[in-house]
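Asks: could you work out the structure for the sequence below:
(4 chains)
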There are 2 protein chains.
Amino acid sequence: MATIIDVAKKAGVGIATVSRVINKSGYVKQETREKIERVIKEIGYVSNEIARSMTLQRNNIVAFVLPDCLHFFFGELLYHVEQELYQKGYKLMVCNSSEQLEKEIVYIDMLKTNRVDAIILLTNNDIEPYLDKSFPIVSFDRKFKDVPFVASDNYMGGVSAARHLIDKGCKHFMFIGDDAQGDKTPVQTEVSKRRLGYLDELKRNGIEEVIQIEYPLGNYLYLPEYVHQIIADHPEVDGIFAISDVVAAEVIFNIEKGGRNVPDDVKVVGYDGGRSYFKLGKRITSISQSPELIAQAIVSIILRLVNDQSSESVITPVTINLGETT
Amino acid sequence: MATIIDVAKKAGVGIATVSRVINKSGYVKQETREKIERVIKEIGYVSNEIARSMTLQRNNIVAFVLPDCLHFFFGELLYHVEQELYQKGYKLMVCNSSEQLEKEIVYIDMLKTNRVDAIILLTNNDIEPYLDKSFPIVSFDRKFKDVPFVASDNYMGGVSAARHLIDKGCKHFMFIGDDAQGDKTPVQTEVSKRRLGYLDELKRNGIEEVIQIEYPLGNYLYLPEYVHQIIADHPEVDGIFAISDVVAAEVIFNIEKGGRNVPDDVKVVGYDGGRSYFKLGKRITSISQSPELIAQAIVSIILRLVNDQSSESVITPVTINLGETT
DNA sequence: TTGTAAGCGTTATCAC
DNA sequence: GTGATAACGCTTACAA
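Replies: Sure thing, here's the model as predicted:
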């Protein structure tokens, strides 16, 4: 492949001048510039970003370590993060951890030897001890010490869900979500605030008795048998807030399999927005977090970090997206 | 950051020896090796993959240019491609084209200056004229001159769909899919063979009259109004093969909205496997292409390409996944 | 076994 | 305005 030296030789100039033309930096006589540009076209020179990274000590690559992109919201987030980064001149490397701590550790290690400029981390694992805080990291839905994070307004999401179910006349409430809350686990996610907002708002409305279902961490998991049992065990419940749309879908499926109707007998609110490329079944009423806003926040934090500026965490607003399940 | 030179100095050896230890290449006395390893740990040395890429003239990065990862099958494919590449020591860069030719062109250009080792291309655009055939490229579901591709057995998929609908007693058949076939468009996708297989098999069974619906290229698109009209216009049809699950879902939605039942009144077969993280609505009977097999095929082709070996295209088998829509 | 030194393709500092 | 030249951090002949 042609190098900057080939261009310089053929154009009869020094390589510094070629570099100036390529980077539009410094002064170059119009005439020289044109000659160089002509030669570049002629020999089909393409600049080498690796060599560039070498001298500049950065490669404009950001990595996203996340469980997978199959869960619709993760897919949306990945999509928008990439779009946003691209606009700012960054490329995106994807690392699917499949939710495994060991893989996350290996990935982060690898990313450091690859000298990516920053890492976006989306995990429910207890990875805090392995994190190198001197490396630019931003996390999603998760608070680590000294690491800025982005999360939707999980607490308000819980509040909205409660308020909506109350408005719809529900009397017996349930929450289904993961157990990363308080001091029960080493891991504390921002997501756990969905539960808090929900319970608080119900309490403010005089409702103290709420059936709380907890399952192992990981809101993209759904546990068919488990959910089936839960639904069967609590026939009195008529208002359910599920921690994600995936779980909500599982809940709805089981309620209807049990011969009851959603929303007539039981109303269900999910979290993530109720969006899907599949127009099958009822649209879920859901607390909607915006992947665009979140992606923007993540990228703006990254931009600060790579410039050695500190950055605050960001909470993005949520809305309730009315579907056919409440 | 510490470099190989720092390690060499501190260990009192030459940098070549350190390099040998890091890469486990060549002979190094056990004693020296241990000393170097100790120093590496001590000063927290992490090798620099950029510098490595510089000398080795490859960076073990592969890029995947695809429309998005929101369409479930694309998400599955992305996931498995990344997993497969990771196993082989490669990293994955994602480039969402959002289906736009201009973006694809800009991305491919960028990827070349970034010197990625290979590009995986998934597109329905007429990008052939812009392709640099000297660069390692593998495409999915699409045949370009001199570019190996991977595709599922689209023709057999069409045949299976037809056979299944016939078995189920359908009499009036329809196909809904894109129009990239024959010489009608400059773009010819492998996907268009779904239609051929379907029509051929119907013909072999004495069925010549098939309503063929064509919409603009892009099987991940769904056109709500259009599908609505199609369904309304053809009340006699009782067997439909849709080119993708997304389209099938739209079809089913519209049939049921029109007051008819699936599968009692109309049977519908989709393509992609009927998988989804959302357990809502009926499971679609669908021709299933395996994202794992496809990812394996893609990566094995890439491995050949980066080693300057030529490679054949690969067709992966399909199965029919019975759901509740036939 | 080990060390020296020549690349790899840029950018950027400094003279000119 | 422009051109040498020294980094950047590594691999790999080639010598020792």
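Asks: which non-adjacent residue is nearest residue A:60?
Replies: Closest residue in space to residue A:60, ignoring its immediate chain neighbours: residue A:90 at 5.1 Å, by C-beta to C-beta, 6 or more residues apart in numbering or on different chains. C-beta here means a position set from N, CA and C on the backbone, and glycine is covered the same way.
Asks: burial measure for the one you found, as a count.
Replies: 21 (other C-beta atoms under 10 Å in any protein chain shown).
Asks: go on, residue A:3?
Replies: Around residue A:3 there are 16 residues (other C-beta under 10 Å).
Asks: then residue A:56?
Replies: By other C-beta under 10 Å, 11 other residues sit near residue A:56.
Asks: distance of it from residue A:18?
Replies: Separation of residue A:56 from residue A:18 (C-beta to C-beta, to the nearest Å) stands at 17 Å.
Asks: that older thread, in contact with the residue nearest to residue A:60, which residues?
Replies: A:60, A:61, A:62, A:117, A:299, A:302 (C-beta atoms under 8 Å, 6 or more residues apart in numbering or on different chains).
Asks: what about 7 Å?
Replies: A:60, A:61, A:62 (C-beta atoms under 7 Å, 6 or more residues apart in numbering or on different chains).
Asks: and the pLDDT for the residue in the stretch 151-300 of chain A positioned nearest to chain B?
Replies: Chain B sits closest to residue A:281 of the stretch 151-300 of chain A, with a gap of 2.8 Å, by C-beta to the nearest C-beta. Per-residue pLDDT puts residue A:281 at 86.
Asks: and it, backbone torsions?
Replies: Backbone geometry at residue A:281, expressed as degrees, to the nearest 10, gives phi 70, psi -180.
Asks: show me how chain A divides into domains.
Replies: The record, using automatic domain parsing to delimit domains, assigns chain A the ranges A:1-45, A:154-290.
Asks: which of those sits closest to residue B:154?
Replies: Each of these has some distance to residue B:154 by C-beta to C-beta; the shortest is domain A:154-290, at 20.7 Å.
Asks: quick check: end-to-end length of the closest one?
Replies: Start-to-end span of domain A:154-290 (C-alpha to C-alpha, to the nearest Å) is 12 Å.
Asks: show me what from the stretch 1-150 of chain A comes close to chain B.
Replies: A:46-51, A:53-54, A:59, A:68-72, A:75-76, A:78-79, A:82-83, A:91-94, A:96, A:112-115 (C-beta under 7 Å from any C-beta of the partner chain).
Asks: just the buried ones from the residues you listed?
Replies: Buried members of the residues of the stretch 1-150 of chain A next to chain B, scored by 16 or more other C-beta atoms under 10 Å in any protein chain shown, are A:46-50, A:53-54, A:59, A:68-72, A:75-76, A:78-79, A:82-83, A:91-94, A:96, A:112, A:114-115.
Asks: what's the following helix or strand after the helix or strand bottoming out on mean pLDDT in chain A?
Replies: Taking mean pLDDT, DSSP states H and E as the measure, the helix or strand of chain A with the lowest value is helix A:224-233, at a mean of 85. Following helix A:224-233 in sequence order, the next helix or strand is strand A:239-242 (DSSP states H and E).
Asks: list the helices and strands that next one packs on?
Replies: Here strand A:239-242 touches helix A:154-167, strand A:173-178, helix A:245-257, strand A:267-271, going by 3 or more C-beta pairs under 7 Å, 6 or more residues apart in numbering or on different chains; DSSP states H and E.
Asks: please redo it, this time with the cut-off set to 6 Å
Replies: strand A:173-178, helix A:245-257, strand A:267-271 (3 or more C-beta pairs under 6 Å, 6 or more residues apart in numbering or on different chains; DSSP states H and E).
Asks: for the last one, output the C-alpha coordinates as PDB.
Replies: What follows is the C-alpha trace of strand A:267-271 in PDB, where atoms were taken according to Å, rounded to 0.1, in the frame of the first residue of the first chain:
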ATOM      1  CA  LYS A 267     -53.100  -4.700  34.400                       C
ATOM      2  CA  VAL A 268     -49.400  -4.900  33.600                       C
ATOM      3  CA  VAL A 269     -46.800  -2.100  33.200                       C
ATOM      4  CA  GLY A 270     -43.300  -2.900  31.900                       C
ATOM      5  CA  TYR A 271     -40.100  -0.900  31.500                       C
END
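Asks: list the buried residues for it?
Replies: By neighbour count with 16+ other C-beta under 10 Å, strand A:267-271 contains the buried residues A:267, A:268, A:269, A:270, A:271.
Asks: closest one to residue A:34 out of those, please.
Replies: Nearest to residue A:34 among these, with distances taken as C-beta to C-beta, is residue A:271, at 57.9 Å.
Asks: cool, thanks, talk later.
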